[in-house]
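Participant: Provided below for reference: sequence and predicted model.
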Amino acid sequence: MNQNKNLLLRFAQSINWQYLAKIAAIAFAYALGAKIAVSIPGVNKLATCVWPPAGIAQAALLLFGRRVWPGIALGVFFYETINLNVSLTLATISAFCACLQALCAFILLQKLNFRPSLERLIDVVNLVFCGAVVATQINSTLGTLRLGVTGLIEWSEYWQVRWNWYLGDTLGVVIFTPLLLIIYQKQATRHPQNTGSQTIVNRISAGICLLLLVTVSWLVYNSKSESNLSGYPLEYLPFPLVIWATIQFGQIGAVLASFIVSCIAIWGGSQGGGPFIAKADNINQAILFLQAFMSVIVVTSLLLAATVAERASAEDSLRQSEIKYRELVENANSIILKIDTEGNITFFNEFAQKFFGYDEKEIIGKHAVGTIIPEIDTKGNDLGAKLRDILQNPEQYTRNENESMRRSGELVWVSWANKPLFDAAGKFAGMLGIGTDITERRRAEMALYKLNEELEFRVEERTNALNDTLSALRVQQEQSERLLLNILPEEIANRLKRGDSTIADTFADVTVLFADIVGFTQLSSRVSPTELVALLNDIFSTFDNLAERHGLEKIKTIGDAYMVVGGLPIPRPDCTEAIAEMALDMQQAIIDFSDTQNQDVSIRIGINTGPVVAGVIGIKKFIYDLWGDTVNTASRMESHGVPGSIHVTSATYERLRGKYVFESRGAIEVKGKGEMTTYLLKCRK
């Protein structure tokens, strides 16, 4: 038992009672509207002059969506079966036609983005065209066809009945759909009522308008027209009152005024009163006039209401935009001003007043130059001329920066974003300027500029000092290089600079020359030490030049002895010939020296060819020296030689005998070597 109770409770909770209530309300409203409509005399017992259910059906779908179509179907079904006593089949067909008409209008309006508020002119036009003109063709065509098929009307009456049915549905949509849409929207979005005197004025205006509208409409549409007044268009007397209600109260005023006038006109026409009966030839024509009148008055009031609403909305948007613009301009943290074509200030916002120290009354109408812009800036530029150029060529000065001046005389920097202003004729009317204070930035830039100048000066000063130091170091390096090259061969010096710690090389084929000045010891006893050193320097300097000219390497001097070698540190195949040429040149140099100095000096030279070991020795006052039997033998050739001659070994002789003249000395005893066959180099061949 409890389980069945729970199931019943769940079922009851699962039902959407709100949806069912809407269905029931729509069905009741549809049936009630149909009942009222058939009580009004029309052109046919099955087609009244106005059919409110058509408007009720479209309003229901537009307000609650297509899901409420069963309410329309039930309303038609109950009305047809209960009031007209038709069969269930015919009632079902009628329900289908009514739903199809309402759904067609709903779909068309949804495609056109229809808004039920009717505040846009396009929404009124779409409702009249799609809902009242197009969609109503469905039920009037299918419904009249049903009447003809079932025999309720003669086929000869088809078009007349269909026309009256169509006009009835059209008027039902035009009158009742806007009325229901706007009343429902007003109730759903009710705003707080105005209080005080405004509420009283609105109520008095509404009362007067309603009283006049009812009175005039009743007098026009319910009185029996006299023959002398029947020719006048009395039916349009309520129009000014409808327009007044529309302008004064908007859409709600338009639909209520149109509804009141239409109801009174329909009632008066049904009672045989009003101007339409007098102007028509028969009742059909009178009702046709009535339908046309109601269509005109409703559509006109709706269009006027939409126009007024759109204009009010546009004015409200404009007013809100102006308020926002004013608030934005006044509360903006930027300088905003306007100047005319002469440079006079026409607008000065609150921030600008605080920034420059002027009240609006003090600054408006004053020229910008001399108030907020100095005539001459700190660099001597004419700012008055610059402002005139800006006003003459506004398109070239969309942005600019210049010095400005506060009321206290303090100079500040402002960055301006400018926009030219034009009047309605397109003529230049002035300039709108939006300024930003950049004083701190400019001061920082100036400080940075000065700092950069100082840094550049210091960098230049340090660079010059560094260049001087580098030049001095370069000179010192060159001197060191020269000194090093005076001690060592260039190749050996480069190896030492590269970091070679031990330099020792074997050369298989070099020629060594030893020379000794004969008679130098006796000369030293006859001259002073200074003169002796000077004479020896002249001789050895000459020998150095000869060694450089022949591409030979001077090894060392020991006292009055001179040692030179060919074929190292860079091997060369003609090293022996180069030594021979130097030996001959040395002999000639000594002869020339003896003649110029008037001294009896000669030279003894020894030469040998063979392998040697060469390297650098020592860590202080190091020298590049040679070792090996070839060196010792060359030294013995010098010491066993003849003064003024060039003494060579057989190895050297074999190298040179084809190009030079030799004299054989035969076999001589050489210290440490025994007997050796040697030769004297005489001259070139």
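Facilitator: Done, it's in. Numbers count the residues shown, from 1 in each chain.

Participant: can you map out the strands along the protein?
Facilitator: 335-339, 345-348, 399-405, 411-422, 428-437, 504-518, 553-558, 561-566, 602-617, 623-627, 646-649, 660-670, 674-684 (DSSP state E).

Participant: Just name the most buried of the ones you listed.
Facilitator: Greatest average neighbour count among those goes to strand 646-649 (a mean of 28), per mean count of other C-beta atoms under 10 Å. For glycine as for every other residue, the C-beta is placed from the backbone atoms N, C-alpha and C.

Participant: and that strand, average pLDDT?
Facilitator: For strand 646-649, mean pLDDT is 92.

Participant: Kindly provide the distance from Lys563 to Leu62.
Facilitator: Actually, residue 563 is Met. It isn't Lys. 126 Å (C-beta to C-beta, to the nearest Å).

Participant: so which of the strands of the chain comes closest to Asn126?
Facilitator: Asn126 lies closest to strand 411-422 among the strands of the chain, at 38.5 Å (C-beta to C-beta).

Participant: show me where pLDDT drops low in the stretch 301-450 of the chain?
Facilitator: 322-332 (pLDDT under 70).

Participant: Helices of that one, residue ranges please.
Facilitator: Using DSSP state H, counting those that start in this stretch, the helices of the stretch 301-450 of the chain run over 350-356, 360-363, 383-392, 439-487.

Participant: Among those helices, show me which one is buried the most.
Facilitator: Stretch with highest mean neighbour count among those: helix 350-356 (a mean of 18; mean count of other C-beta under 10 Å).

Participant: next one: that helix to chain centre, how far?
Facilitator: The chain centroid and the centroid of helix 350-356 are separated by 32 Å, computed with C-alpha atoms, centre = their mean, to the nearest Å.

Participant: Give me the contact list for it.
Facilitator: Outside helix 350-356, the residues that touch it by C-beta atoms under 8 Å, 6 or more residues apart in numbering are 330-337, 359-360, 363, 371-372, 404, 406-407, 435, 437.

Participant: Could you do stretch 200-213 as well?
Facilitator: By C-beta under 8 Å, 6+ apart, stretch 200-213 touches Asn194, Pro238, Leu241, Val242, Trp244, Ala245, Gln248, Phe249, Gly253, Ala257, Ile260, Val261.

Participant: Using a markdown table, lay out the helices of the stretch 301-450 of the chain together with distance to Gln588.
Facilitator: As requested, the helices of the stretch 301-450 of the chain are arranged in a markdown table below (distance: least, C-beta to C-beta, whole Å):
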| stretch | distance to Gln588 |
| --- | --- |
| helix 350-356 | 99 |
| helix 360-363 | 106 |
| helix 383-392 | 89 |
| helix 439-487 | 25 |
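
Participant: Between the ones you listed, which one is closest to Phe176.
Facilitator: If you check each of these against Phe176 by C-beta to C-beta, helix 350-356 wins as the nearest, at 54.7 Å.

Participant: now the helices: where do they sit in the stretch 51-200 of the chain?
Facilitator: Under DSSP H, counting those that start in this stretch, the stretch 51-200 of the chain gives helices at 52-64, 69-78, 88-111, 121-126, 136-150, 158-188, 197-222.

Participant: Can you tell me which of those helices is packed in deepest?
Facilitator: helix 52-64 (a mean of 26).

Participant: Return the residues in contact with Arg443.
Facilitator: Per C-beta under 8 Å, 6+ apart, neighbours of Arg443: none.

Participant: before we move on, back to that, now the contacts of stretch 200-213 in JSON lines, with neighbour count and distance to Val134?
Facilitator: Output for these, formatted as JSON lines (neighbours: other C-beta atoms under 10 Å; distance: C-beta to C-beta, whole Å):
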{"residue": "Asn194", "neighbour count": "12", "distance to Val134": "40"}
{"residue": "Pro238", "neighbour count": "27", "distance to Val134": "29"}
{"residue": "Leu241", "neighbour count": "22", "distance to Val134": "31"}
{"residue": "Val242", "neighbour count": "26", "distance to Val134": "26"}
{"residue": "Trp244", "neighbour count": "17", "distance to Val134": "32"}
{"residue": "Ala245", "neighbour count": "28", "distance to Val134": "29"}
{"residue": "Gln248", "neighbour count": "14", "distance to Val134": "33"}
{"residue": "Phe249", "neighbour count": "19", "distance to Val134": "30"}
{"residue": "Gly253", "neighbour count": "24", "distance to Val134": "28"}
{"residue": "Ala257", "neighbour count": "28", "distance to Val134": "26"}
{"residue": "Ile260", "neighbour count": "19", "distance to Val134": "28"}
{"residue": "Val261", "neighbour count": "28", "distance to Val134": "26"}
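
Participant: Can you tell me which of those is nearest Ser639?
Facilitator: Among those, and counting by C-beta to C-beta, the member closest to Ser639 is Asn194, at 141.2 Å.

Participant: what pLDDT does that closest one get?
Facilitator: Model confidence at Asn194, expressed as pLDDT, equals 51.

Participant: start at 5 instead
Facilitator: Shifting the count to begin at 5 puts that one at Asn198.

Participant: any idea how far the closest residue to Ala106 other than its chain neighbours lies from Ala38?
Facilitator: In this structure, Ala106 finds its nearest non-sequential neighbour in Ala61, 4.0 Å apart by C-beta to C-beta, 6 or more residues apart in numbering. Counting by C-beta to C-beta, the gap from Ala61 to Ala38 is 11 Å.

Participant: anything in contact with each of the two?
Facilitator: Listed contacts common to Ala61 and Ala38 are Gly79; contacts here mean C-beta under 8 Å, 6+ apart.

Participant: circling back: Asp386 is nearest to which of the helices of the stretch 55-204 of the chain?
Facilitator: helix 125-130 (57.6 Å).

Participant: what's the closest one packed up against?
Facilitator: The contact analysis (3 or more C-beta pairs under 8 Å, 6 or more residues apart in numbering; DSSP states H and E) places helix 125-130 against helix 287-335.

Participant: who are the neighbours in contact with Lys26?
Facilitator: With contact set as C-beta under 8 Å, 6+ apart, Lys26 has these partners: Phe68, Val72, Gly75.

Participant: Same question for Tyr664.
Facilitator: Taking C-beta under 8 Å, 6+ apart, we find Tyr664 in contact with Ala584, Leu685, Lys686, Cys687, Arg688, Lys689.

Participant: Throw the residues you listed into CSV and include distance to Trp222, thanks.
Facilitator: Below are those laid out as CSV (distance: C-beta to C-beta, whole Å):
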residue, distance to Trp222
Ala584, 155
Leu685, 162
Lys686, 166
Cys687, 163
Arg688, 158
Lys689, 161
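
Participant: Return the member of those nearest to Cys103.
Facilitator: So of the contacts of Tyr664, ranked by how close each gets to Cys103 (C-beta to C-beta), first place is Ala584, at 135.3 Å.

Participant: Residues in contact with stretch 388-401: which ones?
Facilitator: Outside of stretch 388-401, the residues that reach it under the criterion C-beta under 8 Å, 6+ apart are 343, 345-347, 372-373, 377, 379, 404, 406, 422, 424, 432, 435.

Participant: can you do 10 Å?
Facilitator: Contact with stretch 388-401 is made by 343-347, 371-374, 377-381, 386, 404, 406, 420, 422-426, 432, 434-435, 437, as judged by C-beta atoms under 10 Å, 6 or more residues apart in numbering.
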